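Chemist: Sequence unavailable; structure follows:
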């Protein structure tokens with residue numbers, strides 16, 4: 001038997017198989033990230049306009065951003081005793097606080113929008129919120145009367161509920177309580193990776209029937225979300241945080257993986273139910289915290 005010839009045949013066969021598998025992989029990646037030609041992109045924009053979907057000017061730039069690792073060593077629970085003039089409880093990774101004195105905010109009477117966040121900024125800067133310097137304003141949800149601040153890492157906000165402060169407003173639009181989560185100290189992992197553009201992210205949502213007709217895309221923000229959670233650390237990957245507004249309806253929050261262009265369906269972005277806010281002035285702290293715990297997981301990616 002000619003073993004040399006058999007060896008050569010095996011080598012050629014495996015080389016051909018590797019070439020085939022590589023071509024399949026490249027084709028798959030191209031399918032995942034490709035949104036067609038420029039004319040196709042223009043057609044998508046026209047289709048969105050035909051569906052009465054309004055959207056801001058969307059960038060076609062592809063930024064580069066690395067993954068993040070956060071350390072779970074520092075927790076809110078250990079430091080909550082430092083907070084004064086508020087009643088706090090730490091449960092299931094979140095710090096809930098009821099303020100002793102409400103914080104009044106200036107309101108635009110025409111659309112009930114908060115026009116001046118200075119009192120909250122001052123409240124945070126005076127040390128009334130743990131790690132407050134690491135958070136910045138992300139969004140205002142008017143129907144839920146909530147101001148959302150996000151923890152910032154690598155100059156990019158964390159756009160899921162693992163690093164956020166939710167300030168709750170009562171019917172008089174005074175801040176009466178807040179819920180806080182903290183992702184931990186963050187550090188960059190590996191090299192920066194190219195992400196899809198704002199325009200591609202919105203197109204991905206539209207092509208997957210994730211943008212209702214007669215709606216407005218009001219925010220497209222590059223952010224991080226947690227993709228892996230271990231006992232001592234978490235890994236965060238870039239995503240596009242997108243808000244969609246429908247008249248007389250809560251703001252809908254959509255998320256698109258910024259590396260692959262796929263729609264993120266879990267973990268869910270959740271905020272406490274509005275009922276917990278209204279009862280904050282009259283309920284005892286223990287009753288309120290039980291109410292918020294019971295209702296915190298009722299809604300999926302809605303304001």
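Modeler: Everything's here; your move. Predicted, not measured: the structure shown is a model, and the values here were computed from it.
Chemist: From the recorded domain assignment, give the ranges for this protein.
Modeler: 3-68+187-257, 76-184+286-295 (automatic domain parsing).
Chemist: Need the nearest residue in space to residue 153, chain neighbours excluded.
Modeler: With Cβ to Cβ, 6 or more residues apart in numbering as the criterion, residue 153 has its nearest non-adjacent residue at 3.7 Å, and that residue is residue 186. Using the backbone N, CA and C atoms, a C-beta is placed for each residue, glycine as well.
Chemist: What are the phi and psi values at that neighbour?
Modeler: phi -110, psi 150 (degrees, to the nearest 10).
Chemist: Could you do residue 219 as well?
Modeler: When read as degrees, to the nearest 10, the backbone of residue 219 gives phi -150, psi 130.
Chemist: what residues are up against the residue nearest to residue 153?
Modeler: Residues in contact with residue 186 (Cβ atoms under 8 Å, 6 or more residues apart in numbering) are 68, 69, 70, 71, 153, 154, 236.
Chemist: Quick one: buried ones out of those?
Modeler: Among the contacts of residue 186, those buried by neighbour count (16 or more other Cβ atoms under 10 Å) are 68, 69, 70, 153, 154, 236.
Chemist: which one of these is nearest residue 208?
Modeler: residue 236 (23.2 Å; Cβ to Cβ).
Chemist: where are the low-confidence patches of this protein?
Modeler: Residue ranges of the chain with pLDDT under 70: 1-42, 73-74, 109-113, 115, 266-303.
Chemist: Go again with 90.
Modeler: 1-43, 45, 72-75, 92-93, 105-117, 142-145, 171-173, 230-232, 247-250, 265-303 (pLDDT under 90).
Chemist: just the helices in it please.
Modeler: 3-33, 38-50, 118-123, 198-207, 274-278, 285-295 (DSSP state H).
Chemist: Name the residues of the third one that are buried.
Modeler: If you call a residue buried by 16+ other Cβ under 10 Å, then helix 118-123 has these buried ones: 120, 123.
Chemist: ok, and what's touching that helix?
Modeler: With Cβ under 8 Å, 6+ apart, helix 118-123 has contacts from 103, 104, 105, 129, 147, 167, 175.
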